[in-house]
Each structure stands twice: as C-alpha cells, then as structure tokens.
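1. Quick one, structure for this:
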Amino acid sequence: MERRVRVRFAPSPTGPLHIGGVRTALYNYLFARRHGGDFILRIEDTDSQRFVPGAEAYITEALKWCGIEVDEGVAEGGPHAPYRQSERREIYLKYALQLVESGNAYYAFDTPEELNALRAETEARGETFSYNYQVRERLATSLRLSAAEVEERIARGDQWVIRFKMPEGEEVHMRDLIRGEVTMNTSTLDDKVLYKSADRLPTYHLANIVDDHLMEISHVIRGEEWLPSLPLHYLLYRAFGWEQTRPEFAHLPLLLKPTGKGKLSKRDGDKMGFPVFPLRWVSPDGETAHGYREDGYFPEAFINMLALLGWNPGTEQELFSMQELIEQFSLERVSKSGARFQPEKAQWFNAQYMHRKSDAELAELYLPIAEAHGVECSRQKAERIVGLMKSRATFMSDFWELSDYFFAAPTEYDAKYMKKWWKPETPRYLAELKQVLAGADDFQAPVLDRAVNEWMDANGYPHGPVMNAFRLAIVGVGKGPGMFELCEVIGREESLERIGRALRELAPEA
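-> Below you'll find the model as predicted:
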C-alpha cells in the first residue's frame, strides 16, 4: 500500500517569517497538493529563550495571505493535536528516556563552567573541542558514573541533559531527494543534546523526530542548513526502531543575496530597499520591517516569484497560478545550488499580474486611492482609468501619480515640453481643434479620432505639433494615454475648458 503524502512546515516563533521560510512552506504545500496529501503547520516553540510574542500569529497570517492552506495545525486542529510543541512537552521525556534505556543516549551532568574550562583547555592546545566519543566517558556522564550516582544526582536536583551517543567510526548512508546519495562518518560528529532538565524541554533534534513519527510525516522538505543534522536524524530513527516509517528528506537551496554571495538577510533588504518578509513586522520593542503585502505586492505575484527561486519548470513559462504550480511542481526540478534573489524581478512579477487583472478588479482597488486624494470617482470612470493606465503601473500606489490629471486640469505647463511644441501657429491649431471637438457628434474615442484626423488632413496640418500641443493643453506635460481615450474619460465640457484655459494662459494675446 502506497504511503499517504504528509508534509509539515515547522517554523519557530522567534521573529517574522523570512521569505526563505515562506518558500519552504510553499514547496511543502505544492508537493502535498500535487500528490493529494496533507500540509501540516507545526509550531516548534521549544526554544523558550528566543520566543518572540506575536511571531506565531504573524506566521499564520503570512501563510493565509500567501494562499497556503493549512490542513492540520494549531488553529485547524487535527488527529495529531496539539500542534504546538510546548504543549507536547510530556511526550518528549518519555522518548528521551527510552533512548537512555536502549543505550543510545546518556545523562550528562557537566555544568556550563566545566564545559567552558574544558573547551578553553582544548583550544589552548590548538585543537577544536567536540563533545564526542573521545571525551564522554571521562566526563560526568552516566557512561562513567554508577547507576546509583546517577540516581542520587537526579534526586538532589542536579541539572542534567540527555545526549545522543553517537557511534564511533560508522559510515551513515543517506538519500536526499534533491542532492542524491550523502555519506558521512560518525567520528566527525558530536553527541548532540536531546533533552534538558533545566526547562523540561527537548531540543529540535529530538522533538522534530518524535513529532514527525507520531504525525506520520512522509516527507521532510526543509532548508539546506539542516543537512549537517541528517546523519543524527537517520540514527535517531534507527535507535527508535522507526526506520521503516522514516520520512524521505529533501534539503532546499539557500536564497542568496542579490550579489549572489551569502544568504539573503534583513540587512540586505534594509540596505537595498526591498522587503525580506511577507508582511510588515513590528517587534515587541517597536522595531519595524517592510513587508511585501504593505509594499503593494499582490500575493499571487509574490508566490510566483518565490516558486521560481530554486525550482525550474523546465519550460520558458514564467507566470503560474497556484493551481499551475501545484500541477507542475516536482522536487526533481529543485536546484542544488543557491538561488540569487533579484529585487527587480519581484517588481516585474507584480507588474505582470497588474497588467493581467481585470479592469473591474483594479477599479475596486483604485476607488479608495481616489477617495484618499479627495476626489469623487464613479466605478465606471475608475474602470476606464485603470484600463488605460495599468500597463504603465507596477504597484497600485503608482496609479495616482499616473492618473491625477483625469480629475484636475493642469495648473502649470512643463517648460521643456512647451519649448519643443509651443510655436507661433500653435494657438491657431488649438482654437480650431476646440471647435472640432465641440462639434463632434459623439464624444467617444473612435469618433474623436476620426474627426480630428480628418480635420488635420484636410488642412494639411502636421500631426506631431498639433497632437503634442493638444496633450500639453489637456495634461500639462508629455505623459498619459491616447488623447482621444483621455478626452472621452474626462468628457466634452472638461476637454474644451482645458483647451480654452491653455489658450488664455499661454497665448493671451491670440
């Protein structure tokens, strides 16, 4: 019987969710949906020292904004609840003790001061300290102490940790779905802490193995920073006797700085002016960070951009709906090497989604912008404006600067544009043009286009000088959509008034 695909995204609530974390969540989600499986959100909050208030709610809201739907989690519940590790603490001690009893782990009573002294002594010899098979039986551990001494120390309240007993000189053969076969010798690894009596909480290594097993996780898709931990995790599955149900592993490449060197960080975003978080973040002490949502990105553009940072569809296609990503995603096409983040590409994606949105959809977003600038705008007019201007916009915030002249006549005229196009004959052109527009049967763009062009052709007037003077009178600068479409939107009365005003101000003697 084929195993059901179940994946988990397991962030720690230690701050805002980095876009690298969002990509990990996205790849897990796409993989689960592609295979008809489950996407689980598990909050790994066992590091009480680094817990940040508000971070868990931020993670949940960020995934929701991105369109990543959670099947099981803290809010959704599910058959393997609770999904917050701090609420599962009693589970982990049982499994840590099981490892001690089977000889795969041991108690260590070393104090931080003793370990620091030993580390300093080792480094003084020019060596690197490692808590491993070479030192564990010489220290205050249950491997050296008698069972009675161990019980006595625990009973009197000495602090202890449980460490994994890493085998000596064993080759661990592992398989990664992205990187292929990986082999590591256990002699290069140390004895990781699995459980701490000080806070009665497990470390990541124990908690995630136990939870993945109990939650029947079939695939662990996570960042490559966890690749060095893979031998320990393989050995933990073996120590528990869970090798037959061990998940398959895939380690994702890093997101790199725009320079291509080093991991993308908040500092890069601050320095270069782009967000590295999906949503705006305000820390408990008031520190803020930009978010893609608040900076005006559409969630579908953000997700599309992220999906292609490390995954290649194998075609020239760049724009994908979430459903298309689900249908085409595969771990086989995820790169082994880091993916360089390009801020300008993120903007490009947003512009593409802007251009493809319906006028009605954009008008809904445009109306509050117009209202915020104190102008009344009908839905019909808003649809016409966004339809004319969306090909020039990257963000919704661009629209007002692109379209303010739809609501107000120019109060001044661009000097450079005037110098180029305002000639002695220009007032005559505009006066006649005004009469042509006033006499048009219908003030629709095609009718205006035909009437004005017939007038220019009949009189032998040059199109460039006439149309640019026309734009100067209506807009005040050399920008905007087609003049006939623009005049149709602002209407006959306003168009004639603007031409008249330009004549009065720029050619009062005419």
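
2. Please export the C-alpha coordinates of stretch 459-474 as PDB.
-> Output in PDB follows, covering the C-alpha atoms of stretch 459-474 (Å, rounded to 0.1, in the frame of the first residue of the first chain):
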ATOM      1  CA  ASN A 459      -5.900  71.400 -43.700                       C
ATOM      2  CA  GLY A 460      -2.500  69.900 -44.200                       C
ATOM      3  CA  TYR A 461      -1.700  70.400 -40.500                       C
ATOM      4  CA  PRO A 462       1.300  68.300 -39.100                       C
ATOM      5  CA  HIS A 463       0.100  65.600 -36.700                       C
ATOM      6  CA  GLY A 464       3.000  65.800 -34.300                       C
ATOM      7  CA  PRO A 465       2.900  69.500 -33.400                       C
ATOM      8  CA  VAL A 466      -0.900  69.500 -33.200                       C
ATOM      9  CA  MET A 467      -1.300  66.400 -31.000                       C
ATOM     10  CA  ASN A 468       1.600  67.400 -28.700                       C
ATOM     11  CA  ALA A 469       0.100  70.800 -28.200                       C
ATOM     12  CA  PHE A 470      -3.200  69.100 -27.600                       C
ATOM     13  CA  ARG A 471      -1.600  66.900 -24.900                       C
ATOM     14  CA  LEU A 472       0.100  70.000 -23.300                       C
ATOM     15  CA  ALA A 473      -3.300  71.700 -23.000                       C
ATOM     16  CA  ILE A 474      -5.100  68.700 -21.500                       C
END
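
3. And for residue 245, the neighbour number?
-> Using other C-beta atoms under 10 Å, residue 245 has 14 neighbouring residues. C-beta: built from backbone N, CA, C; applies to glycine.

4. Going by secondary structure, the residue lying closest to residue 33 once chain neighbours are set aside is in what exactly?
-> Sequence neighbours aside, residue 326 is the residue nearest to residue 33 in space, at 4.4 Å (criterion: C-beta to C-beta, 6 or more residues apart in numbering). Applying DSSP states H and E as the criterion places residue 326 in helix 322-328.

5. in that helix, what's buried?
-> Of all the residues in helix 322-328, those buried under the rule 16 or more other C-beta atoms under 10 Å are 322, 325-326, 328.

6. Make CSV from these and add distance to residue 277 and pLDDT to it.
-> Output for the buried residues of helix 322-328, formatted as CSV (distance: C-beta to C-beta, whole Å; pLDDT from 0 to 100):
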residue, distance to residue 277, pLDDT
322, 20, 98
325, 21, 98
326, 24, 98
328, 27, 97
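
7. List the neighbouring strands of the helix or strand just after the helix holding residue 326 plus their orientation.
-> Using DSSP H and E, the helix or strand that follows helix 322-328 in sequence is strand 339-340. Within its sheet, and counting by DSSP bridges, strand 339-340 is paired with strand 255-256 (parallel).

8. Give me the phi and psi for residue 17.
-> phi -80, psi 110 (degrees, to the nearest 10).

9. same check, this time on residue 194
-> Phi and psi for residue 194, reported as degrees, to the nearest 10, are phi -110, psi -30.

10. residues in contact with it?
-> Shown in contact with residue 194 (C-beta atoms under 8 Å, 6 or more residues apart in numbering): 96, 99, 105, 161-164, 202-203, 205-206.

11. Now with 10 Å, please.
-> Counting by C-beta atoms under 10 Å, 6 or more residues apart in numbering, residue 194 makes contact with 92, 95-96, 99-100, 104-105, 161-164, 202-207, 209-210, 232, 236.

12. Now tell me what touches the helix holding residue 326 from outside.
-> With contacts defined as C-beta under 10 Å, 6+ apart, helix 322-328 is touched by 26-27, 29-35, 66-69, 299-300, 303-304, 306-308, 311, 313-315, 317, 320-321.

13. Roughly how far does the residue nearest to residue 33 sit from residue 243?
-> Between residue 326 and residue 243 the distance, using C-beta to C-beta, to the nearest Å, works out to 31 Å.

14. Restricted to strands, list the contacts of residue 194.
-> Residues of the contacts of residue 194 located in strands (DSSP state E): 105, 161-164, 202.

15. Reformat these as CSV; add neighbour count.
-> Below are the ones in strands among the contacts of residue 194 laid out as CSV (neighbours: other C-beta atoms under 10 Å):
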residue, neighbour count
105, 28
161, 21
162, 26
163, 27
164, 24
202, 26
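
16. Out of those residues, the closest to residue 476 would be?
-> Of all the ones in strands among the contacts of residue 194, residue 476 sits closest to residue 202, with 67.7 Å by C-beta to C-beta.

17. In this structure the closest one contacts residue 88, no?
-> Yes. At 9.0 Å, residue 202 counts as touching residue 88 under the criterion of C-beta atoms under 10 Å.

18. In the protein, where is pLDDT below threshold?
-> 1, 509-510 (pLDDT under 70).

19. just to revisit the earlier point, what sits in contact with each of residue 202 and residue 88?
-> With C-beta under 10 Å, 6+ apart, residue 202 and residue 88 have common neighbours 46, 210-211.

20. Can you list which of those residues are found in helices?
-> 210-211 (DSSP state H).

21. Which single one of the shared contacts of residue 202 and residue 88 is nearest to residue 110?
-> Residue 110 lies nearest to residue 46 out of these, by C-beta to C-beta, at 21.1 Å.

22. Show the contacting residues for the closest one.
-> Applying C-beta under 10 Å, 6+ apart, the residues near residue 46 are 12, 84-86, 88-89, 92, 196, 199, 201-204, 206-208.

23. Only the buried subset of those, as a PyMOL command please.
-> Of those, the buried ones can be selected in PyMOL as follows, counting by 16+ other C-beta under 10 Å:
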select buried, resi 12+84+85+86+88+92+196+201+202+203+204+206+207+208
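
24. what sits against the residue nearest to residue 345 when sequence neighbours are not counted?
-> Distance criterion C-beta to C-beta, 6+ apart; nearest residue to residue 345, sequence neighbours excluded, is residue 305 at 6.5 Å. Contact analysis of residue 305 by C-beta under 10 Å, 6+ apart lists 19, 23, 292, 297, 318, 341-342, 345-350, 352-353.

25. Are any of the residues you listed buried, and if so which?
-> Neighbour-count burial (16+ other C-beta under 10 Å) applied to the contacts of residue 305 gives 19, 23, 292, 297, 341, 346-347, 349-350, 352-353.

26. re earlier: okay if I get the shared contacts of residue 202 and residue 88 as CSV plus distance to residue 129?
-> CSV is the format used below for these (distance: C-beta to C-beta, whole Å):
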residue, distance to residue 129
46, 25
210, 29
211, 31
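
27. which among the shared contacts of residue 202 and residue 88 gets closest to residue 178?
-> Set against residue 178, the nearest of the shared contacts of residue 202 and residue 88 by C-beta to C-beta is residue 211 (22.6 Å).

28. What is the neighbour count of the residue nearest to the closest one when sequence neighbours are not counted?
-> Once flanking residues are discounted, residue 211 sits nearest to residue 42: 6.4 Å by C-beta to C-beta, 6+ apart. Neighbour count for residue 42, taken as other C-beta under 10 Å: 24.

29. who's in contact with residue 42?
-> For residue 42, the contacting residues are 8-11, 72-74, 80, 82-85, 88, 207-208, 211-212, 215, 217, by C-beta under 10 Å, 6+ apart.

30. Out of those residues, list just those in helices.
-> Among those, the subset assigned to helices under DSSP H consists of 207-208, 211-212.

31. out of those residues, what pair is the most spread apart?
-> 207 and 212 (9.3 Å).

32. shared neighbours of these two, anything?
-> 10, 42.
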